[in-house]
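Participant: I need the structure of the sequence given here:
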Amino acid sequence: MSENNRKIHTKTDGVKAERNYAPLLYAGAIVLAVTSVILLAVFLIRFFGVVHLTSDTEGSTLTDSKNGVVYSLAPISYTADLDTDSVYAKYGDTEYYRLYYKDDSGNKVYCDPKEMIGTENEFGVIDIYVAEGIVLPELKDFGASKALICTEEMISYAIDALTKEETEKLINVFFSLESCDYPSNIDNDTVLSIYFRGDTNPFLLYNIRYFETKSGEKYFYDRVTSRCVNFHDEMENIFD
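Facilitator: Residues are numbered from 1 along each chain as shown. Below is the predicted model of the structure:
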């Protein structure tokens, strides 16, 4: 090869080659920057978008230091509808949600989470946590205006609903009859849950049990107060 045909590489050629890669490098840097911003935003939303609770009692009481709230676990007779689409607070891996009910127009009305929050486990069991200073109404003071009768299987679902008059009569029967001992010969296939919703606190539901014995006697039972009553024809065949 002659000297005339030999390609001569200069510093200028190297600069041109580097400049050809520059747009790719800039694009890569922009993608990395945008990705970092997105990941940071997700982290901030997940970490700072929820209230982080602490507990000195392994979860039976919860402290929201940010808002100065201490919650206590409500008795098992109380439950509620939870908005599980949006996490309000976390304690460890457990997520807590706002309580709500639907008004006459079907709109969700939310309870102030500084008063009550709730959590639901993998089996569908709901626990309600109540802030200090909030007094939960007892069933007789619940102002119940409706009730749902639900099965007690793997998944609880409603099979009937009571009118306002039937609801008030059931509560009257439950408190007017003398409390008795809890029977031992329960027919487990007859167990039902009765959920009352009232005007005193529309966010809450109060639950008692209905069951029959193997001999056909009918009972209502409150697991918290241990009140158990044996009723006969007072409910006019509602539980036949």
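
Participant: I'd like to know how far residue 76 sits from residue 103.
Facilitator: Plainly put, residue 76 is 27 Å away from residue 103 if you go by C-beta to C-beta, to the nearest Å. The C-beta positions use only the backbone N, C-alpha and C, and glycine is treated the same way.

Participant: Of the two, which one has the most company?
Facilitator: A count of neighbours by other C-beta atoms under 10 Å puts residue 76 above the other of residue 76 and residue 103, at 13 against 10.

Participant: What sits closest to that one if chain neighbours are left out?
Facilitator: Among residues not flanking residue 76 along the chain, residue 223 sits closest, at 6.0 Å (C-beta to C-beta, 6 or more residues apart in numbering).

Participant: residue contacts, that neighbour?
Facilitator: 76, 77, 207, 208, 209 (C-beta atoms under 8 Å, 6 or more residues apart in numbering).

Participant: Would you reformat those residues as TSV and include distance to residue 146?
Facilitator: As requested, the contacts of residue 223 are exported to TSV (distance: C-beta to C-beta, whole Å):
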residue	distance to residue 146
76	21
77	17
207	14
208	14
209	18
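
Participant: Most neighbours among these, which one is it?
Facilitator: Across the contacts of residue 223, neighbour numbers were computed from other C-beta under 10 Å; residue 208 holds the maximum, 24 neighbours.

Participant: If I look at it, what pLDDT would I see?
Facilitator: Note on residue 208: pLDDT of 97.

Participant: Regarding it, what is its secondary structure?
Facilitator: Look at residue 208: counting by DSSP: H, G, I helix; E, B strand; the rest coil, its state is strand.

Participant: okay, now the closest residue to it other than its chain neighbours: neighbour count?
Facilitator: Once flanking residues are discounted, residue 208 sits nearest to residue 222: 4.9 Å by C-beta to C-beta, 6+ apart. Residue neighbour count, defined by other C-beta under 10 Å, stands at 19 for residue 222.

Participant: now do the one 10 residues further on
Facilitator: Number of residues near residue 232 (other C-beta under 10 Å) recorded here: 9.

Participant: what element comes up after the one helix or strand in the chain whose mean pLDDT sits lowest heading to the C-terminus?
Facilitator: Within the chain, no helix or strand scores below helix 11-48, which has a mean of 53 by mean pLDDT, DSSP states H and E. Using DSSP states H and E, the helix or strand that directly follows helix 11-48 along the chain is strand 51-52.

Participant: elements contacting that next one?
Facilitator: Judged by 3 or more C-beta pairs under 8 Å, 6 or more residues apart in numbering; DSSP states H and E, the packing partners of strand 51-52 are strand 89-91.

Participant: What is the strand it packs on packed up against?
Facilitator: Counting contacts by 3+ C-beta pairs under 8 Å, 6+ apart, strand 89-91 packs against strand 51-52, strand 61-64, strand 94-96.

Participant: Take those strands and write them to CSV, including mean pLDDT.
Facilitator: Shown next, in CSV, are these (pLDDT from 0 to 100):
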stretch, mean pLDDT
strand 51-52, 95
strand 61-64, 96
strand 94-96, 97
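
Participant: so can I have CSV of the ones you listed showing distance to residue 178 and mean neighbour count?
Facilitator: As requested, the helices and strands packed on strand 89-91 are arranged in CSV below (distance: least, C-beta to C-beta, whole Å; neighbours: other C-beta atoms under 10 Å):
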stretch, distance to residue 178, mean neighbour count
strand 51-52, 46, 16
strand 61-64, 36, 20
strand 94-96, 40, 18
